[in-house]
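Peer 1: Below: sequence and its predicted model.
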Amino acid sequence: MRVGVLYSGGKDSNLALLEASRYFEVSCLINVYPESSESALFHYPASELVDLQAEALDLPLIRVESGDEEEDQVEALRRALEIAGEEFGIRGVVTGAVKSVYQATRFQRVCDELGLWCFNPLWLMDEVKLVERILGYGFKALVTRLAVYPFEERFLGRLVDREFIEYLRKVGANVSGEGGEYETLVTWMPMFKRELKILKYSKIVGESEGEIVVERAELA
C-alpha cells in the first residue's frame, strides 16, 4: 500500500515513518506548517527545516501553510492529503499521534472524508518504551522547545539522551513530551541518507520555558 506520512520533523513523526516503512511503500511526506507555537494540532518549532530533512530522507515533500486556528489547520490538512492522493496515489496516511485524542480524532476525520486509511503506529505506546526505542535506534533528536518547571536552560539545544530523560523524571514531567513538555528536531535517524547539521542557533528564554531559533543549517 502506498502511504503518505504526516511529518513534523520531530521524534514521533520520524519514529512513525521508520515503523511504517517496514510494512508500506512510503510515497511522500506531508507537512502542515502553522503560524506559531500556539498551534495545538501541528508542530511548529524549527519546522522550517523539514525541507532539508525530506532531502536527507530522499522523499518528496508536500507542504501546506496554515493559520493556528483549528478550522484553518484541518482545512490545510485536507488540502495536503488531496494533493498527496492526486500526485502520489496514496491510499493511507501514517501519523505520529501517541496519546492526543484531540490530534487523532481530527486526523481520522479528515482521512475518513477522503476515503483514506489512517495508521497510528505509536498509538498508546508506553512513554518510556517510546523514548527507549528512539534511543535504541540511535536517533539524534535536538530539543528545540522546553517547557518544564523547574526549567533548566542547559538542555535546550541539546540532544535527547538519558541525562535529559532522568531530568524529566525527577521533575515529574512526561518523558516523551506528550504533555507539551518539549519538542524536538531529528537531525539523524536510520532512514536518513545524510545528517542534518545545525551550524548556528539562538535561544529565546523565559522563566519556565525556552525555544531555539535555527539560523543556519546544512546537510553533511
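Peer 2: Looks like it arrived, so ask away.
Peer 1: Specify the residue ranges that define each domain of this structure.
Peer 2: 2-119, 127-219 (automatic domain parsing).
Peer 1: Just name the most buried of the ones you listed.
Peer 2: domain 2-119 (a mean of 19; mean count of other C-beta atoms under 10 Å). Any C-beta I mention is one placed from the backbone N, CA and C, and that applies to glycine too.
Peer 1: That domain: how far from the chain's middle?
Peer 2: Computed by C-alpha atoms, centre = their mean, to the nearest Å, the chain-centroid distance of domain 2-119 equals 9 Å.
Peer 1: now the domains of the chain in CSV, with mean pLDDT?
Peer 2: Shown next, in CSV, are the domains of the chain (pLDDT from 0 to 100):
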stretch, mean pLDDT
domain 2-119, 91
domain 127-219, 96
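Peer 1: mind checking how far Arg194 is from Ala220?
Peer 2: 6 Å (C-beta to C-beta, to the nearest Å).
Peer 1: Over to Val94?
Peer 2: 27 Å.
Peer 1: Likewise for Lys170?
Peer 2: Lys170 is 34 Å from Ala220, by C-beta to C-beta.
Peer 1: Would you map the strands across the protein?
Peer 2: Under the criterion DSSP state E, the chain contains strands at 2-6, 25-33, 61-65, 92-94, 117-119, 140-146, 182-188, 196-205, 210-219.
Peer 1: Which among those strands is found nearest to Glu127?
Peer 2: strand 182-188 (12.3 Å; C-beta to C-beta).
Peer 1: tell me what the closest one is packed against?
Peer 2: If you count contacts as 3 or more C-beta pairs under 8 Å, 6 or more residues apart in numbering; DSSP states H and E, strand 182-188 packs onto helix 11-20, strand 140-146, strand 196-205.
Peer 1: rerun at 10 Å
Peer 2: Contacts defined by 3 or more C-beta pairs under 10 Å, 6 or more residues apart in numbering; DSSP states H and E place strand 182-188 against helix 11-20, helix 50-57, strand 140-146, strand 196-205, strand 210-219.
Peer 1: got the ones you listed as a markdown table, with distance to Arg154 columns?
Peer 2: Converted to a markdown table, the helices and strands packed on strand 182-188 look like this (distance: least, C-beta to C-beta, whole Å):
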| stretch | distance to Arg154 |
| --- | --- |
| helix 11-20 | 20 |
| helix 50-57 | 25 |
| strand 140-146 | 10 |
| strand 196-205 | 11 |
| strand 210-219 | 10 |
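Peer 1: the inter-axis angle of the lengthiest helix in the chain versus strand 25-33?
Peer 2: In the chain, with assignment by DSSP state H, the single longest helix is helix 70-88. Orientation check (axes from the mean of the first three to the mean of the last three C-alpha atoms, to 10 degrees): helix 70-88 against strand 25-33 gives 150 degrees.
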